[in-house]
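Novice: The sequence isn't on hand, but the structure is:
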């Protein structure tokens, strides 16, 4: 949803009525995961997607009806047959909640949290129809915006800080209700040491996948805003000093200077700061020199062994753009706990445990 806020604000400024479609359930292997969203403007424009193209046309049609009636719809799309006119997916069933966008207080809480880089959990009622689209938000300080049921509140507290989504059934019988919960974590952080050509592309791509990007370089000529228009912060300082001032816990840190006098203090600071991913550009021969220098600086061998070099996945990269792809892919794989093998070798596209149905008693 983060990537849709700019479009949402622009359409609202134009005076457009807007419908929000949210993928809340997936049964099988679908192109998008729960939490995927799309916007439909009153004039028919669309942004985002809930199925990578399989059902968006029908969602847009239904969104027009939702805007006309003001009544949310929960739509289940099944597996389509071979008819060109059939609406559905090829290998999964999905449920999509379509609602008029009303800028609810809970959504304003979510936006404030995301702007402040704080975790937050959004809870949206999806059934019964009379309650559909009612929402609440749980902030990092424990405060709640909107009405949040005890079981839903407990589930939301357990998800805070994670990337989890869930569907929770509340109560039994005719009075039962169902809510969709989505946790928005703090943005993943990437610290790039060395503002070379690979760094320029890597910073841009990391922003596109939602990361918070800081670029550090002691050489001012490498650190202009013109080179890094999308970076969240540019730090002109010696690497050890700059990295020591940052919260590196669980961050990804890459050193791209290819120069021992810059790399060694940067890597030592990244390792001692608790970075989850530490990578360095350079050959194995260069790294042997690095290892000796880090050992001489007092860095433990176990920590030195955490450095990923040559950096990135083996995809045959040659250009700065291709090298940046390889580095970012390795960072994402480490973050997800994946081994970066081709999907065809294990056949699992998405983690089946990401979306789950939980039944609880009121």
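Specialist: That came through, no problem. Treat the numbers as computed from the prediction; the structure is a model and nothing was measured.

Novice: From here on, just use CA atoms for contacts and neighbour counts.
Specialist: Will do.

Novice: which residues of the stretch 151-300 of the chain score low on pLDDT?
Specialist: Applying pLDDT under 70 to the stretch 151-300 of the chain flags the ranges 174.

Novice: can you map out the helices along it?
Specialist: If DSSP state H, counting those that start in this stretch is used as the criterion, the helices of the stretch 151-300 of the chain fall at 197-208, 239-244, 260-272, 284-296.

Novice: Switch the ones you listed over to a markdown table; also include distance to residue 183 and mean neighbour count.
Specialist: Conversion of these to a markdown table gives the following (distance: least, C-alpha to C-alpha, whole Å; neighbours: other C-alpha atoms under 10 Å):
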| stretch | distance to residue 183 | mean neighbour count |
| --- | --- | --- |
| helix 197-208 | 20 | 20 |
| helix 239-244 | 29 | 18 |
| helix 260-272 | 28 | 22 |
| helix 284-296 | 39 | 15 |
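
Novice: out of those, nearest to residue 338?
Specialist: helix 197-208 (18.2 Å; C-alpha to C-alpha).

Novice: list the helices and strands that closest one packs on?
Specialist: In this structure, helix 197-208 packs against strand 189-193, strand 212-217, helix 320-336, with contacts taken as 3 or more C-alpha pairs under 8 Å, 6 or more residues apart in numbering; DSSP states H and E.

Novice: And these: which comes nearest residue 3?
Specialist: strand 212-217 (13.5 Å).

Novice: and that closest one with helix 197-208, angle?
Specialist: Relative orientation of strand 212-217 versus helix 197-208 (axes from the mean of the first three to the mean of the last three C-alpha atoms, to 10 degrees): 160 degrees.

Novice: Find the centremost residue of this structure, please.
Specialist: Taking C-alpha atoms, centre = their mean as the criterion, residue 210 is the residue nearest the geometric centre of the chain, at 5.5 Å.

Novice: give the contact list for it.
Specialist: Residues in contact with residue 210 (C-alpha atoms under 8 Å, 6 or more residues apart in numbering) are 187-188.

Novice: Okay, strands next: where are they in the stretch 51-200 of the chain?
Specialist: Using DSSP state E, counting those that start in this stretch, the strands of the stretch 51-200 of the chain run over 73-77, 92-100, 120-127, 135-139, 144-145, 165-170, 177-184, 189-193.

Novice: Note down every partner strand of the last one and its orientation.
Specialist: By that I understand strand 189-193. Paired strands of strand 189-193, with direction, are strand 212-217 (parallel), strand 252-255 (parallel) (DSSP bridges).

Novice: same thing with the fourth one?
Specialist: Strand 135-139 sits in its sheet next to strand 120-127 (antiparallel), strand 144-145 (antiparallel), going by DSSP bridges.

Novice: now swap in the longest one and tell me
Specialist: Each strand paired with strand 92-100, and its direction, by DSSP bridges: strand 18-28 (antiparallel), strand 73-77 (antiparallel).

Novice: So which bits of the last one are buried?
Specialist: Looking back up the chat, that one is strand 73-77. In terms of neighbour count (16 or more other C-alpha atoms under 10 Å), strand 73-77 has its buried residues at 73-74, 77.

Novice: circling back to that earlier point, could you redo the helices of the stretch 151-300 of the chain as CSV and give each row distance to residue 58?
Specialist: Below are the helices of the stretch 151-300 of the chain laid out as CSV (distance: least, C-alpha to C-alpha, whole Å):
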stretch, distance to residue 58
helix 197-208, 28
helix 239-244, 50
helix 260-272, 49
helix 284-296, 54
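
Novice: In contact with the nearest residue to residue 21 once chain neighbours are set aside, which residues?
Specialist: Distances taken as C-alpha to C-alpha, 6 or more residues apart in numbering place residue 98 nearest to residue 21, at 4.3 Å, with adjacent residues excluded. The contact partners of residue 98, taken as C-alpha under 8 Å, 6+ apart, are 19-22, 59, 62-63, 66, 72-75.

Novice: Tell me the buried residues within these.
Specialist: Buried, going by 16+ other C-alpha under 10 Å: 19-22, 59, 62-63, 66, 72-74, out of the contacts of residue 98.

Novice: quick check, nearest of those to residue 278?
Specialist: residue 22 (35.5 Å).

Novice: hang on, the closest one packs against residue 36?
Specialist: Yes. With contact defined as C-alpha atoms under 8 Å, residue 22 counts as touching residue 36 (6.0 Å).

Novice: Good, we can wrap up now.
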